[in-house]
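Asker: Predicted structure and sequence below. I'll ask about it afterward.
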Amino acid sequence: MQAKAVVFPAPNEVEFRSVDCPEPGPGDVVVRVTHSWISNGTEGSFLRGERIAGDTAYRPGDPWPFPIVAGYQKIGVAEWVGEAVTDIAVGETVFAAMGKVNGMYQAYAGQISPSVSPREHIWKLPAQVDALAFSGLVLTQVGYNCGVRAPIEVGEGAVVIGDGMVGQWAAQTLAWRGANVVLVGRHDYRLKLFGPDVMRHTINARQTDWVQAVRDLLPERIRVAVDTVGSIDALTTLQPMMAKFGHMVSAGFMGVDDLLSLQLMRDGELSLDFVSGWTRPRMDHTRELIAAGYLQTLPLITHRFPAAQAADAWALIESKREPVLGVILDW
């Protein structure tokens, strides 16, 4: 069957074009997409040729990962349901992760409509909440994963590096757990989305000595530190400020420059947690927290483009010629 998709045919090239998909099988759901949410970081690194799969960085000698269909998250309406799928009905609004595609570097696709998706990549959405709030569900789940991975008690200090979408949702999740959260970023318009509040603090690293500011805000030291930007320097800087038996969480893509000294971590008996991908239990809980209002997604949307203008959306994301965070494609 034929579909429309956002395709990266070569590094830094974006096209909206027809692609070929496998015919749906008994375990598939065909979703007519209404909206998809761009993952600026992950999709951007694919666009630049920096990774070849998931969190696998491109290294010389690897196969060139083009052409590829971008993305991994969207919402839409189920317009066909395979005979083995008994819990999804035609006409229901759903979230879909990956769909199937032919003729690409990878046989799965995110920014594609209609999407031939296996049932395990489909989630029903609660009717009482705007479906658009769930259109970035996988990425929201990454932030949730950052925020729940490490143990923390109510009132203990947590630092999140990065005011992008993963950083926002990591900070929101830690705040939901009762942590005293400091979000460190570089953009006032993003930082305002998180705080300030009694247990929510923000630091603009462009404008102040963020290290001293963290020390001032968390004098009892840091129980959990989350890096969402892929910065070895940030992790190294935070190590001496960590509480004994604290946890550091690594979520940012570091490519091949990913060497971290372990001696300081050993001295403090710290743990290093890595987050990647999604699981159904994490996706389910993220959906519940969005529905309950604990995780805010809609305020992070700054731009919407017709899907056919995906190249314009990416020109904005890459150039940052104006404040940009969450970007939605309307299909």
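Answerer: That came through, no problem.

Asker: can you pull the contacts of the closest residue to residue 253 other than its chain neighbours?
Answerer: Nearest non-adjacent residue to residue 253, counting by C-beta to C-beta, 6 or more residues apart in numbering: residue 230, 4.9 Å away. Yep, even glycine has a C-beta here, placed from its N, CA and C like the rest. Shown in contact with residue 230 (C-beta atoms under 8 Å, 6 or more residues apart in numbering): 252-255.

Asker: And the pLDDT for residue 230?
Answerer: Looking at residue 230, its pLDDT reads 90.

Asker: what's the answer for the one 4 residues further on, then?
Answerer: Per-residue confidence for residue 234 comes out at a pLDDT of 91.

Asker: Next: residue 296.
Answerer: For residue 296, the predicted pLDDT is 97.

Asker: Neighbours of the residue nearest to it when sequence neighbours are not counted, how many?
Answerer: Closest residue to residue 296 apart from its sequence neighbours, by C-beta to C-beta, 6+ apart: residue 172 at 6.4 Å. When counting by other C-beta atoms under 10 Å, one arrives at 26 neighbours for residue 172.

Asker: Pretty sure residue 172 sits in a helix.
Answerer: Yes - looking at residue 172 with DSSP: H, G, I helix; E, B strand; the rest coil, it is inside a helix.

Asker: residues touching it, list them.
Answerer: 143, 147, 194, 294-296.

Asker: What pLDDT does the model give it?
Answerer: pLDDT for residue 172: 98.

Asker: just to revisit the earlier point, just the buried members of the contacts of residue 172?
Answerer: With neighbours counted by 16 or more other C-beta atoms under 10 Å, those contain buried members at 143, 147, 194, 295-296.

Asker: Tell me the buried residues in the helix or strand bottoming out on mean pLDDT in the chain?
Answerer: Lowest mean confidence among the helices and strands of the chain (mean pLDDT, DSSP states H and E): helix 263-267, at a mean of 84. For helix 263-267, burial by neighbour count (16+ other C-beta under 10 Å) applies to residue 265.

Asker: what about the helices in the stretch 201-331 of the chain?
Answerer: Assigned by DSSP state H, counting those that start in this stretch, the stretch 201-331 of the chain shows helices spanning 210-217, 232-238, 263-267, 280-292, 310-319.

Asker: separation between the residue nearest to the spatial centre of the chain and residue 21?
Answerer: Residue closest to the average C-alpha location in the chain (C-alpha atoms, centre = their mean): residue 139, at 2.6 Å. Using C-beta to C-beta, to the nearest Å, residue 139 is found at 23 Å from residue 21.

Asker: swap in residue 197?
Answerer: Per C-beta to C-beta, residue 197 is found 46 Å from residue 21.

Asker: So between these two, which is more surrounded?
Answerer: residue 21 (22 against 10).

Asker: so how far is residue 102 from the more buried one?
Answerer: Taken as C-beta to C-beta, the span from residue 21 to residue 102 is 6 Å.

Asker: same check, this time on residue 165
Answerer: Shown here: residue 165 relative to residue 102, a distance of 31 Å by C-beta to C-beta.

Asker: what do you get for residue 44?
Answerer: Distance, residue 44 to residue 102, using C-beta to C-beta: 25 Å.

Asker: Neighbour count for the two, which is higher?
Answerer: A direct count of neighbours by other C-beta under 10 Å for residue 44 and residue 102 places residue 44 higher, at 17 against 11.

Asker: where does the more buried one sit relative to residue 106, distance-wise?
Answerer: Going from residue 44 to residue 106 by C-beta to C-beta gives 16 Å.

Asker: go on, residue 223?
Answerer: In terms of C-beta to C-beta, residue 223 sits 38 Å off from residue 106.

Asker: what about those two, which has more around it?
Answerer: For residue 223 versus residue 106, neighbours defined as other C-beta under 10 Å are more numerous around residue 223 (24 against 14).

Asker: List the residues that contact the more buried one.
Answerer: 150, 152-153, 156-158, 179, 242-243, 246-247.
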